[in-house]
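Enquirer: one predicted model, sequence on top.
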Amino acid sequence: MLNDPRSHGLWEKTAPQPPATEPLAGHVSADVVVVGGGYTGLSSALHLAEAGSSVVLLEANEIGFGGAGRNVGLINAGMWVMPDDLPGELGAIHGERLLDLLGNAPRLVMELIDKHGFACELERNGTLHCAVGPAGLKEIEERARQWGKRGEPVTVLDAKETERRIGSAAYAGALLDMRAGTLQPLAYARGLAHAVIKAGVAIYTGSRVASTEKSGTKWVVSTDAGKVSANWIVVATDAYSTGPWEQVRNEQVHLPYFNFATVPLGDNLAKSVLPGREGAWDTKEILSSFRMDQAGRLVFGSVGALRNTGLSVHKNWARRSIRKLFPQLGEIPFECEWYGKIGMTDNALPRFHKFAPNVVGFSGYNGRGIAPGTVFGKVLAGHILGHIPEADLPLPVTDVIEPSFRTVKEMWYEAGAQAAHFVGARV
């Protein structure tokens, strides 16, 4: 995409082709217009169409252009925030609703994949949150205790079992979450797009929204070459928002995140690194993540942007880190490199916004887009269809508020990650 191999990297190289689409031209009508071709937009369109609504989906670029096509591919349950902290942040009612919804969100992802037969490299063997030292072990033990009292299938593994599952002796233990898994994220988005079109939705790509206005009882959403009249608007543009809903982007601090993918490791080496194909990440503040794809490539990532001096610094750090974690791999070359942006809210929790009457959206996934995006899309469909009244939504309505010093924080994240990886690469 954008003729830039660092925008979507391995995922664009290995994903099935997207459905054929074209820009909007002329004036069309629908019950609902969905703006954004990521997980939330596609899921809301699919669930609306399957319930009998007429839907038009507008995507400014291509399906999966934003975080949906660039992320690591971990189907996580819950959020970064500790489970017991959610009621304190959101209140008892919304906190428990969100915990229940997001705790079960990976199941919806897997059910959709099974139902529609998406070819997206789904692995169902869980994820591993890897403990770095005693402090990291204490953190995952507390997280396990909080999920465990809610009856969720999470287990703390000791160092020996962690080493067996990962292929590295670097960690003091790991939290195994059997609700979770991995997939090829862009392939999943494209699979959803095929299902959406099959359900009767009209998808228009290359159709950036320029403006909206109310005309009688309907909303008119205008692009450069066309218009859509609809009763409802779903705003599903999240951290890549521009135009009328740029405020959604501006309420989030962008955290850059990169990935490198090795060449396929071959059968013997692949059996020594994550043989169960769990997705993994560690407890460091500037974390690392790693997973295998279906062809046996190791996908290794961390915070940072692959541009300017960051490209060489982060690549050097990744090579050194992989050698330290997995010395059995030796000097393994990289096949692909890419990076994107994680939208972080000030409390690391998502938001529900009602921008105007019948104009709604969820945003702020804080690096947990696959399962939350999918399930929030279904919730939006239920709300529009009248099945889920506003009082029963998993989040309260909140105003869009830009955090203080947003631009400064974004520059600090990028520069700080580069500085940390420069020092780390020299150790």
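Expert: Great, that's in hand. Numbers count the residues shown, from 1 in each chain.
Enquirer: now do the strands in the stretch 301-427 of the chain.
Expert: 334-344, 351-356, 359-363 (DSSP state E, counting those that start in this stretch).
Enquirer: ok, now the stretch 101-250 of the chain?
Expert: 127-131, 154-157, 173-177, 181-182, 202-204, 209-215, 218-223, 226-235.
Enquirer: from memory T162 sits against H129, does it?
Expert: No: T162 is beyond contact range of H129, at 10.3 Å (criterion: CB atoms under 8 Å). Every residue, glycine included, has its C-beta placed from N, CA and C.
Enquirer: which neighbours do the two share?
Expert: A174 (CB atoms under 8 Å, 6 or more residues apart in numbering).
Enquirer: N250 reaches E402, doesn't it?
Expert: Yes: with contacts counted by CB under 8 Å, N250 reaches E402, the gap being 4.8 Å.
Enquirer: run a quick neighbour tally on A239.
Expert: 24 (other CB atoms under 10 Å).
Enquirer: how about the helices in this structure?
Expert: For the chain, applying DSSP state H gives helices covering 5-14, 39-50, 86-90, 92-103, 105-116, 133-148, 159-166, 185-198, 246-250, 267-270, 309-325, 370-384, 406-426.
Enquirer: mind listing what's buried in the shortest one?
Expert: Judged by neighbour count using 16 or more other CB atoms under 10 Å, the buried positions of helix 267-270 are 269-270.
Enquirer: now the last one
Expert: Within helix 406-426, the residues scored as buried using 16+ other CB under 10 Å are 406, 409-410, 413-414, 417-418, 420-422, 424-425.
Enquirer: again, but for the fifth one
Expert: Going by neighbour count (16+ other CB under 10 Å), the buried part of helix 105-116 is 105-106, 108-110, 112-113.
Enquirer: with stretch 168-184 instead?
Expert: Of the residues in stretch 168-184, those buried (16+ other CB under 10 Å) are 168, 170-184.
Enquirer: greatest separation within the residues you listed: which pair is it?
Expert: Within the buried residues of stretch 168-184, two members stand farthest from each other by CB to CB: A172 and Q184, at 30.6 Å.
Enquirer: who's in contact with the nearest residue to E50 once chain neighbours are set aside?
Expert: Nearest residue to E50, sequence neighbours excluded (CB to CB, 6 or more residues apart in numbering): A199, at 5.5 Å. Contacts here follow CB under 8 Å, 6+ apart; on that basis A199 touches 45-46, 49-50.
Enquirer: how near is the residue nearest to the spatial centre of the chain to K198?
Expert: Using CA atoms, centre = their mean, the residue of the chain that lies closest to the mean C-alpha position is G369, 2.5 Å off. Between G369 and K198 the distance is 23 Å, computed by CB to CB, to the nearest Å.
Enquirer: now L42
Expert: 12 Å.
Enquirer: so between the two, which is more surrounded?
Expert: L42 (33 against 12).
Enquirer: now for this protein, the helix or strand with the poorest mean pLDDT.
Expert: None of the helices or strands of the chain scores lower by mean pLDDT, DSSP states H and E than helix 406-426, at a mean of 89.
Enquirer: out of the buried residues of stretch 168-184, flag the one nearest to L265.
Expert: Closest to L265, out of all of the buried residues of stretch 168-184 and judged by CB to CB, is S168, at 14.0 Å.
Enquirer: residue contacts, the closest one?
Expert: Contacts for S168 (CB under 8 Å, 6+ apart) come out as 273, 325-326.
Enquirer: could you redo the last one with a cut-off of 7 Å?
Expert: Neighbouring residues of S168 by CB atoms under 7 Å, 6 or more residues apart in numbering: 325-326.
Enquirer: likewise G377?
Expert: Counting by CB under 7 Å, 6+ apart, the residues that G377 touches are 39-44, 47.
Enquirer: from A295, how far off is it?
Expert: 29 Å.
Enquirer: what residue ranges in the stretch 1-150 of the chain score low on pLDDT?
Expert: Within the stretch 1-150 of the chain, no stretch has pLDDT under 70.
Enquirer: mind doing that once more with 90?
Expert: 1-5, 80 (pLDDT under 90).
Enquirer: count of neighbours near A391?
Expert: Counted with other CB under 10 Å, A391 comes out at 7.
Enquirer: look up phi and psi at the residue lying farthest from the centre of the chain.
Expert: Within the chain, the residue lying farthest from the chain centre (CA atoms, centre = their mean) is G216, at 36.7 Å. Reported as degrees, to the nearest 10, the phi and psi values for G216 are phi 70, psi -120.
Enquirer: which pLDDT does the model give it?
Expert: Note on G216: pLDDT of 94.
Enquirer: just G364 next, same as before
Expert: On pLDDT, G364 comes in at 95.
Enquirer: what about it, how many neighbours?
Expert: 25.
Enquirer: list the contacts of it.
Expert: 252, 343, 345, 349-351.
Enquirer: please name the residues that touch E123.
Expert: Per CB under 7 Å, 6+ apart, neighbours of E123: 181-182, 277.
Enquirer: go again with 8 Å.
Expert: 181-183, 277-279.
Enquirer: go on, V263?
Expert: V263 sits in contact with 297, 332-335, where contact means CB under 8 Å, 6+ apart.
Enquirer: neighbour-wise, which of those residues leads?
Expert: R297 (22 neighbours).
Enquirer: how near is it to K13?
Expert: R297 is 10 Å from K13, by CB to CB.
Enquirer: thinking again about what came up before, out of the buried residues of stretch 168-184, which is nearest to R320?
Expert: A170 (13.1 Å).
Enquirer: quick check: pLDDT value at the closest residue in space to that closest one that isn't next to it in sequence.
Expert: Leaving aside its chain neighbours, A170 sits nearest to L325 (5.4 Å; criterion: CB to CB, 6+ apart). You'll see L325 listed with a pLDDT of 96.
Enquirer: residues touching the residue nearest to G200 when sequence neighbours are not counted, list them.
Expert: Using CB to CB, 6+ apart and skipping the chain neighbours, the partner closest in space to G200 is A49 (5.1 Å). Contact partners of A49, counting by CB under 8 Å, 6+ apart, are 55, 196, 199-201.
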